[in-house]
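>>> Starting from these lines, generate the structure:
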Amino acid sequence: MSQTDIVEDRGPGVETPGHALTETPEELAYELRAQEGSIWTGTRLLMGVAIFTYASLAFAYFYLRSSDSFALWRPAGITAPTAYGAAIMALMIAAAGLAVLSTRRLKSNQAVDFQVAGWTTVFCGLIALGLQILELTHLPFFPGSNGYSSCFIGWAAINIGTIVGSLYWSETLLARFLRLRRAFAEEGGASSSPLPAARLFRANADGCAAFWCFVAVSEIFFWLLFYVI
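Down below sits the predicted model:
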């Protein structure tokens, strides 16, 4: 007999509930651990999807550069604005560092520090997003004019989408903390609260920080490709 098949006969004219909650504490704990594990796994799968996307771009970059058909890979002196590129990379590294810091402050039960670092992460990401869009209006080449420009436009589009996704994740995480902070405080704080919502929140915060670090590493890699090499 399944857990939802328990029916109590209350006589004629009395409605009988079709479901009854019979889960044990051990089953509830197992389900909670499974949810925490799914957040961890989902974050790493998301990174894997992003890696394949970046890998396709890197393959196109190195293939077109090595073949250099008719010497059209990149005309001499043509490169994306280096000042914009350096600023975007620096801001994304700062955002990743602040995301890690916010998670550590959360684990130390420093709610105010967590929020300050978290919102500063969002602020840095917004500036980087604005600079990335602004850079596209100051390019010294036309999209598709050569192999370098085609790869750069593809990278810029991917980077914009990645930054937007990272910002959305951080913002929703902070908004959820604002809604639940009173409940967390009543149970000892977000770092030690045994509430299921607190445990899932901590797992979500760890995943968000890990993804920001991944984005920062990709920024450094493609900054070297498009602005240095």
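>>> Only C-alpha atoms from now on, for both contacts and neighbour counts.
Noted.
>>> State the mean pLDDT of stretch 69-77.
For stretch 69-77, the mean pLDDT works out to 79.
>>> tell me which residues of that stretch are tucked away?
By neighbour count, with 16 or more other C-alpha atoms under 10 Å as the criterion, the buried positions of stretch 69-77 are Trp73, Arg74.
>>> So what touches it?
Outside stretch 69-77, the residues within contact range by C-alpha atoms under 8 Å, 6 or more residues apart in numbering are Leu64, Arg65, Asn146, Gly147, Tyr148, Ser149.
>>> Check stretch 135-146 too.
Residues from elsewhere that reach stretch 135-146, judged by C-alpha under 8 Å, 6+ apart: Leu72, Trp73, Arg74, Ile78, Thr79, Ala80, Pro81, Tyr84, Ser149, Ser150, Ile153, Ala156.
>>> redo that, cut-off 6 Å
Judged by C-alpha atoms under 6 Å, 6 or more residues apart in numbering, the contacts made with stretch 135-146 from elsewhere in the structure are Leu72, Trp73, Ser149, Ser150.
>>> Same question for stretch 194-204.
Outside of stretch 194-204, the residues that reach it under the criterion C-alpha under 6 Å, 6+ apart are Glu36, Ala190.
>>> quick one: average confidence on it?
Per-residue pLDDT values across stretch 194-204 average out to 88.
>>> go on, stretch 174-182?
Throughout stretch 174-182, pLDDT has a mean value of 90.
>>> and that stretch, which residues are buried?
Leu174, Phe177, Arg181.
>>> buried set for stretch 24-44?
Of the residues in stretch 24-44, Leu32, Gln35, Glu36, Ile39, Trp40, Thr43 count as buried by neighbour count, 16+ other C-alpha under 10 Å.
>>> max-length helix in this protein?
Counting residues, the longest helix in the chain under DSSP state H turns out to be helix 25-67.
>>> Can you name the secondary structure element that comes next after that helix?
As assigned by DSSP states H and E, the chain's next helix or strand after helix 25-67 is helix 82-107.
>>> As TSV, the buried residues of stretch 174-182 with distance to Gly130 and secondary structure would be great.
TSV is the format used below for the buried residues of stretch 174-182 (distance: C-alpha to C-alpha, whole Å; DSSP: H, G, I helix; E, B strand; the rest coil):
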residue	distance to Gly130	secondary structure
Leu174	21	helix
Phe177	26	helix
Arg181	31	helix
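>>> List just the nearest of those residues to Trp212.
Leu174 (14.8 Å; C-alpha to C-alpha).
>>> Spatially central residue in this protein, please.
By C-alpha atoms, centre = their mean, the chain has its centre lying nearest to Ser166, at 3.9 Å.
>>> Can you give me the buried ones in the strand or helix carrying that one?
Element membership for Ser166, per DSSP H and E: helix 147-186. Within helix 147-186, the residues that qualify as buried by neighbour count (16+ other C-alpha under 10 Å) are 147-153, 155, 158-160, 162-163, 166-167, 169-171, 173-174, 177, 181, 183-184.
>>> Which helix or which strand is home to the closest residue to the residue nearest to the centre of the chain other than its chain neighbours?
Ranked by C-alpha to C-alpha, 6 or more residues apart in numbering and with sequence neighbours excluded, the top spatial neighbour of Ser166 is Trp212, at 6.8 Å. With the criterion set as DSSP H and E, the secondary-structure element containing Trp212 is helix 196-223.
>>> in that helix, what counts as buried?
With the criterion 16+ other C-alpha under 10 Å, helix 196-223 contains buried residues 197-220, 222-223.
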